[in-house]
Each structure stands twice: as C-alpha cells, then as structure tokens.
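S.K.: how would this look folded up:
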Amino acid sequence: MGKYAVIILLVSFFIGEGLRANDLAISQGISSPTYTHISLFSNGFTFDNPVGAAYEDGYRGTLSVDGTTSTSGGLDIGVGDTQYGLGLGFYSNGCDGCEGYARANLGAIWGGFGFGFGIQEDLYTVGILLNPNGLHRIGFIAEFDDQAGVNNKRFASGVGYAYVLPRFSFSLDVSHRNLEDPSIEDSALLVTPGFAVKVDIFSFSLSYDVYVADHANNFSDQLWVGLGAKPFKEWQFIFYGEYIDRWTLVASYAF
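M.R.: Predicted coordinates:
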C-alpha cells in the first residue's frame, strides 16, 4: 500500500490544478513565454513570444528594477481574457549612453493555435504557438531589428518545445541572429534548456544558455535562475540572478 501512496502523491503533485503558462521566465520564452513581464525584457536573441500576452486573465501591473553599477527599471501593464491579450511596457536603461524603449504586445489564442505580434521603435516581433494550452507546446518566433542602422539590419529567429504541467515545466528553445553586414561577426546559435517547479506559493526556474557557432567569441555560456513567491492571490514577487543583468527584481499585481 505504501508504494501506491507514493505514486498518488507524485501524480497529485504534478497534475493538480491547471496551469496556462509560466509566471516565471524559463529558457528563452519562445515555447513557454511568461506573461508577467512580457513587454519589458527577455533572455536570448528575441523578446518572449508575444502570444504570451493572451495568457493574461484580467488586469495586471508590473514594476521591475535591475542592475549592477547602474540601475534600470520598467513598467508593464497587461489586460486579457485568456484568449486575447494586450501588454504595454516602458523600460528605462540606466547605463551611460543607453536608451529606453516603449513596447506593445498583442496575443490571441484560437483553440490549438496562438498568434502574437510585438512592436517597438524599429523592432518587430512575430510569434506562433502550437497547442498553447496543452501539455506539449511548440513555439516559433521571428524578429526584425532596424535599430542598428539602415545598412546593418538584424534578423533573429527561433523555435522551441515546452512540456508544461501544473507544477513542473521544461522548455528547450533555440534561436539565431545575423546582421546584414557580413563583415561584423555578431552571429551565433543560442541553445537554452530550462525547467521550472512550483511548490505551494513558491516557484523556481533554472536555465542554461549555450552559445554554438560563436566564431568571434562574443558570448559566454551562462546559468541563470528565477525565484518567485505568490503570498497573496493578487501579488507575485520575482528575483532573477544573471537573467538580463546581475540581479533583477519584479513585483506584479493582478486585479
């Protein structure tokens, strides 16, 4: 009888109540985007898949702060009904010579298909998510960036697979970017496996960025973590280590 009790406990831990999406960042956000701060920042060569905006259920406001020697911050506002969603964000970069940006994300889910579009000045993101509410999910993303200059346009694309359970999720995203000017060696292939676990009010994610075909040695492989707590139904608090900077703090309120 003891072994059956263990099996029941394991099944109840992983199945439990349903989970639409991660509220904690994982991998590159291509196959399993987070809706909590979708318009502010992301890991990898592209923003999170904009389909994630459709996971929003009601209204939400998010504040973030990050940095090392300089401090940056952002504000993200989201609204949605789990089928259609909109995210609006503004991020202010505190480093010398850096510019902030305003960004908007639109997401829609129709049954087993999700489509999203993100836009900010000179940067456009298109995302697709297959089986967006299912156990197995496949994401595609393409991003065109003209901010570098007329003769140095950047194009990034990615694909990913996610296995999403209520209390555990795994994601493997792959992305690539290249510049229009072939003389500038800034291209690489980024492979990021990651997983997230939820236990009661706490959540934890761990992802590892691996750069392949980085011939100019512009990038370094990196492990980063996310720690989340939801002490109240409306509040979500998140700490990231080595995510977009040495540390990142996020506070989100849903109403």
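S.K.: quick one: buried residues of the helix or strand harbouring D66?
M.R.: In this assignment (DSSP states H and E), D66 forms part of strand 57-67. For strand 57-67, burial by neighbour count (16 or more other CB atoms under 10 Å) applies to D57, R60, T62, S64, D66, G67. The way it works is simple: take the backbone N, C-alpha and C, and place the C-beta from them, glycine included.
S.K.: tell me the one among these nearest to G111.
M.R.: Taking CB to CB as the measure, G111 lies nearest D57 of these, at 17.7 Å.
S.K.: any stretches of the stretch 1-150 of the chain with poor pLDDT?
M.R.: Applying pLDDT under 70 to the stretch 1-150 of the chain flags the ranges 1-21, 68-70, 94-97, 147-150.
S.K.: and N93, what is it in contact with?
M.R.: Taking CB atoms under 8 Å, 6 or more residues apart in numbering as the criterion, N93 is in contact with S72, E99, G100.
S.K.: out of those, list just those in strands.
M.R.: If you go by DSSP state E, the contacts of N93 have S72 in strands.
S.K.: and the residue lying closest to D23 once chain neighbours are set aside, what does it touch?
M.R.: Spatial nearest neighbour of D23, chain neighbours left out: T36 (4.8 Å); criterion: CB to CB, 6 or more residues apart in numbering. Contacts of T36 were listed using CB under 8 Å, 6+ apart, and they are D23, L24, R60, T62, D76, Q236, I238, V250, S252.
S.K.: how deep is G112 tucked in, by neighbour count?
M.R.: Other residues near G112 come to 12 when the count uses other CB atoms under 10 Å.
S.K.: what does the one 3 residues further on give?
M.R.: Other residues within reach of F115 by the criterion other CB under 10 Å amount to 18.
S.K.: and it, what helix or strand is that in?
M.R.: Taking DSSP H and E as the criterion, F115 maps to strand 113-120.
S.K.: can you give me phi and psi for the nearest residue to D221 once chain neighbours are set aside?
M.R.: Excluding the flanking residues, the one nearest D221 by CB to CB, 6+ apart is V210, at 5.3 Å. Dihedral pair for V210: phi -120, psi 120, per degrees, to the nearest 10.
S.K.: thought V210 was touching A188?
M.R.: No: the pair V210 / A188 is not scored as a contact, 10.1 Å apart, by CB atoms under 8 Å.
S.K.: between those two, which one's more packed in?
M.R.: Ranked by neighbour count (other CB under 10 Å), V210 and A188 place A188 first, with 19 against 14.
S.K.: give me the number of residues near the nearest residue to the more buried one once chain neighbours are set aside?
M.R.: Sequence neighbours aside, D214 is the residue nearest to A188 in space, at 4.1 Å (criterion: CB to CB, 6+ apart). Neighbour count of D214, defined by other CB under 10 Å: 17.
S.K.: a strand runs through D214, doesn't it?
M.R.: No: assigned with DSSP: H, G, I helix; E, B strand; the rest coil, D214 falls outside any strand and is coil.
S.K.: that one and H176 touch, don't they?
M.R.: No: contact criterion CB under 8 Å: D214 and H176 do not qualify, at 11.0 Å.
S.K.: please enumerate the shared neighbours of the two.
M.R.: Residues touching both D214 and H176 (CB under 8 Å, 6+ apart): A188, L189.
S.K.: any chance you could map the helices in this structure?
M.R.: For the chain, the helices defined by DSSP state H occupy 2-14.
S.K.: now the residue nearest the centre of it: how far from I141?
M.R.: Nearest residue to the geometric centre of the chain (CA atoms, centre = their mean): G29, 3.4 Å. Plainly put, G29 is 9 Å away from I141 if you go by CB to CB, to the nearest Å.
S.K.: need the residues touching each of the two.
M.R.: With contacts taken as CB under 8 Å, 6+ apart, G29 and I141 have N49 as neighbours in common.
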